[in-house]
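Novice: next one to model:
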Amino acid sequence: DDDRFEPARPQIRRVDGWVCSFVAIGAGTAAEPAQLVVAPVVEDAVLEAVQQGANVEVTGTDSGATVLGVAAGLRAAISNLLENAVQSAPDEAVDVAISADDDRVRIAIRDRGPGLPEAVRERLFSPHVTDRPGGAGMGLYLAQRLVTDVHGGTLELSDAEDGGTLAVIELPRGEPEA
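Specialist: Alright, predicted model coming up:
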C-alpha cells in the first residue's frame, strides 16, 4: 500500500459519495419507488460510517417502519448527513434514531459539534455552501434533493437542545406489505 495516496483517500470517498448521490437522484426519478423497510437502509449507512472510523450509535429504532422509496437514494442521503455530523465533531459520538407514527417515518441524526454556523444557516441546502476548509458544500444539497425530490419527504436541520446539530428526515409512511 502506497502511503503517498493516504491524504487523498477522504476526498476520494467524498467524491464517490457525491457520484452515488447523483446516480441515486437519477435512479429515483426514473425508478418506481418500492416498499422499503427503513432500518436496514439506515444500518447500512451507519456500518459504512463506522468502518471509516466514525463513532455512531443507533439509540432507537422502529425496525418495522416502511416507506415507499428507493433504497440507494435514501442510503445516500443518510450517508451524506452522517458524514457532515462526524466532520462537525470527529471525536464525539453521533446518535441516530428511527421512529414512526401512523403517517410518517422519522430518521434523526444528532451530532455534538458547534452547531449551525450563522453564516451558512440561511443557505444550508444550496450547492457549494460550506464552512469547512476544503469542503465543497454538496452533502446537504444532495441529501435534501434525495429526501424531497425522490422520497416526497422533508429534511430539517436545527440546533440540538444541549449542543450540536439535529438533522431530521421525515418521510411519508409506506403501507406494510400484506
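
Novice: residues contacting residue 101?
Specialist: residue 173 (C-beta atoms under 8 Å, 6 or more residues apart in numbering). Where you see a C-beta, it was placed from the backbone N, CA and C, and this is true even at glycine.

Novice: which regions of the chain lie under the pLDDT threshold?
Specialist: 1-32, 119-121, 123, 125-138, 175-178 (pLDDT under 70).

Novice: do a quick rundown of the strands in it.
Specialist: 34-37, 56-60, 66-69, 94-100, 104-110, 154-159, 165-172 (DSSP state E).

Novice: could I get these as a markdown table with mean neighbour count and distance to residue 46?
Specialist: What follows is those, written out as a markdown table (neighbours: other C-beta atoms under 10 Å; distance: least, C-beta to C-beta, whole Å):
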| stretch | mean neighbour count | distance to residue 46 |
| --- | --- | --- |
| strand 34-37 | 15 | 15 |
| strand 56-60 | 14 | 5 |
| strand 66-69 | 22 | 17 |
| strand 94-100 | 21 | 6 |
| strand 104-110 | 22 | 10 |
| strand 154-159 | 16 | 18 |
| strand 165-172 | 21 | 14 |
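
Novice: what is the residue nearest to residue 169 when sequence neighbours are not counted paired to in the beta sheet?
Specialist: Distances taken as C-beta to C-beta, 6 or more residues apart in numbering put residue 107 closest to residue 169, at 4.3 Å, once the chain neighbours are dropped. For residue 107, the beta-bridge partners are residue 98, residue 169 (DSSP bridges).

Novice: state the distance from residue 107 to residue 82.
Specialist: Distance of residue 107 to residue 82, given as C-beta to C-beta, to the nearest Å: 11 Å.
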